[in-house]
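Peer 1: Sequence isn't available, so here's the structure alone:
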């Protein structure tokens, strides 16, 4: 494992927590936060069942409307 890299399981937990707190972060911003590629973030989201930004935005709007 390269120095400074976060274990996948830990990154997944942190990703879920971060997106619960800030659902409007882009894949690019998330990749920068975790020091990984955008593709890694996309694969992580897919594995965790987390929708892309456009879908997350819709979900937040629907929740706000009640």
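Peer 2: Here it is on my side, so go on. It should be emphasised that the depicted structure is a prediction, and the values quoted were computed from it without experimental measurement. Residues are numbered from 1 along each chain as shown.
Peer 1: Just give me the residue right at the centre of this protein.
Peer 2: Per Cα atoms, centre = their mean, the C-alpha nearest to the average position across the chain is that of residue 15, at 4.6 Å.
Peer 1: so that residue touches residue 46, yeah?
Peer 2: No - because the distance of 11.7 Å does not satisfy Cβ atoms under 8 Å, residue 15 is recorded as not touching residue 46. Glycine gets a C-beta too; all of them are placed from N, C-alpha and C.
Peer 1: where along this structure do the helices fall?
Peer 2: In chain order, the chain shows helices spanning 8-21, 27-34, 38-48, 53-65, with DSSP state H as the criterion.
Peer 1: I'd like a version of these in a markdown table, one that adds mean pLDDT as further columns.
Peer 2: Conversion of these to a markdown table gives the following (pLDDT from 0 to 100):
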| stretch | mean pLDDT |
| --- | --- |
| helix 8-21 | 96 |
| helix 27-34 | 96 |
| helix 38-48 | 97 |
| helix 53-65 | 91 |
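Peer 1: about what we covered before: quick check: closest non-adjacent residue to the residue nearest to the centre of the chain.
Peer 2: The spatial neighbour of residue 15 that comes closest, neighbours along the chain excluded (Cβ to Cβ, 6 or more residues apart in numbering), is residue 44 at 5.7 Å.
Peer 1: I'd guessed the one you found sits against residue 11; true?
Peer 2: Yes - taking contact to mean Cβ under 8 Å, the distance of 6.7 Å between residue 44 and residue 11 places them in contact.
Peer 1: Okay, residue 18 and residue 35: tell me how far apart.
Peer 2: The span separating residue 18 from residue 35 equals 14 Å under the rule Cβ to Cβ, to the nearest Å.
Peer 1: overlap in contacts of these two?
Peer 2: Applying Cβ atoms under 8 Å, 6 or more residues apart in numbering, one finds that no residue jointly contacts residue 18 and residue 35.
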